[in-house]
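Visitor: Please find the sequence and the predicted model below.
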Amino acid sequence: MGYWAGLLLIVAGAVADAGGIVLVGVVTILVATLRSLWSRFGLRGLTYERRLGATRAVVGDEIPLELTVRNRKLLPIPWLGVDDLLSRPAMIEGRDLEPADVPGFGFLRTTWTLGWFERATRHLRIIGDRRGVYEFGGARLQVADLFARDLIAEQRPASERYWIIPRSVPVRASTATSQLPGTARVRRGLFEDPAQFAGVRPYLPGDPARWGEP
């Protein structure tokens, strides 16, 4: 559409001998050409990596998270959006998860600007505030043209898991809850077996009336 509009402006400007209209037509064709470049080649040579500093942590600790993008071509990327699918209720320091169309998951959204043959890295931290198994799903990469009008997207498979386990703490009582074992003695045992030698003794006042009966 942009090419034809620019061409018509150039023809109309040439016929009317209007240099301004011709210039507008040239700019229109140039803009359409640039937009087609990002639509066709924006995602080519573009890599994305996600690295976890650990896969297991206890409640209250943090896990380093490293996100890296590389643009391996001459065409710069004026705007790159990356949506990492992450199971809730995971917490990333300083960031909120965006709603996702997958139940139980949210999007960790980051935006980037890359020059030609540029590599960029961001360091985030996962906060282990609640026990559970958390999973990173795939990543969705979106590239926009210089005018941020047309978006092209691509799904990249990349999955990792990490575990948040309960913290182990020593169990200590402030006061003694029982005197046993200790020096306390009881009048009778919980079970007495007259068949055993140590359990045979004469009947004493205070013993149950049926004690010793078969």
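Guide: Nice, I can see it. Keep in mind the model is a prediction, meaning the values are calculated, not measured.

Visitor: helices or strands up against the longest strand that the chain contains?
Guide: Using DSSP state E to assign secondary structure, the strand with the most residues in the chain is strand 132-144. The helices and strands touching strand 132-144, judged by 3 or more Cβ pairs under 8 Å, 6 or more residues apart in numbering; DSSP states H and E, are strand 46-52, strand 77-87, strand 151-156, strand 160-165. Any C-beta I mention is one placed from the backbone N, CA and C, and that applies to glycine too.

Visitor: Let me know which of these is tucked in deepest.
Guide: strand 77-87 (a mean of 20; mean count of other Cβ atoms under 10 Å).

Visitor: how's the protein carved up into domains?
Guide: Domains of the chain are assigned by automatic domain parsing as 2-41, 46-165.

Visitor: on that earlier part again, so for Leu67, which of the helices and strands packed on strand 132-144 sits nearest?
Guide: Distance to Leu67, taken as Cβ to Cβ, is lowest for strand 46-52 among the helices and strands packed on strand 132-144, at 5.8 Å.

Visitor: Strand partners (parallel or antiparallel) of the next helix-or-strand element following that closest one?
Guide: Per DSSP states H and E, the first helix or strand lying C-terminal to strand 46-52 is strand 56-58. Sheet pairing of strand 56-58 (DSSP bridges) gives strand 160-165 (parallel).

Visitor: so the strand it pairs with versus strand 77-87, what angle?
Guide: Interaxial angle, strand 160-165 versus strand 77-87 (axes from the mean of the first three to the mean of the last three Cα atoms, to 10 degrees): 50 degrees.

Visitor: ok, Thr55 touching Phe136?
Guide: No - using Cβ atoms under 8 Å, Thr55 is not in contact with Phe136, being 10.9 Å away.

Visitor: what's the least confident stretch among the domains of the chain?
Guide: Among those, domain 2-41 has the lowest mean pLDDT, at a mean of 60.

Visitor: Which stretches in this structure count as helices?
Guide: In the chain, the helices defined using DSSP state H lie at 2-16, 19-41.

Visitor: ok, Arg50 to Ala158 distance?
Guide: Using Cβ to Cβ, to the nearest Å, Arg50 is found at 6 Å from Ala158.

Visitor: swap that for Asp129, please
Guide: Separation of Asp129 from Ala158 (Cβ to Cβ) stands at 24 Å.

Visitor: check contacts around the closest residue to Arg95 other than its chain neighbours.
Guide: In space, and not counting its chain neighbours, Arg95 is closest to Leu108: 6.6 Å by Cβ to Cβ, 6 or more residues apart in numbering. Going by Cβ atoms under 8 Å, 6 or more residues apart in numbering, Leu108 touches Asp83, Asp84, Leu86, Ile92, Arg95, Leu97, Glu98.
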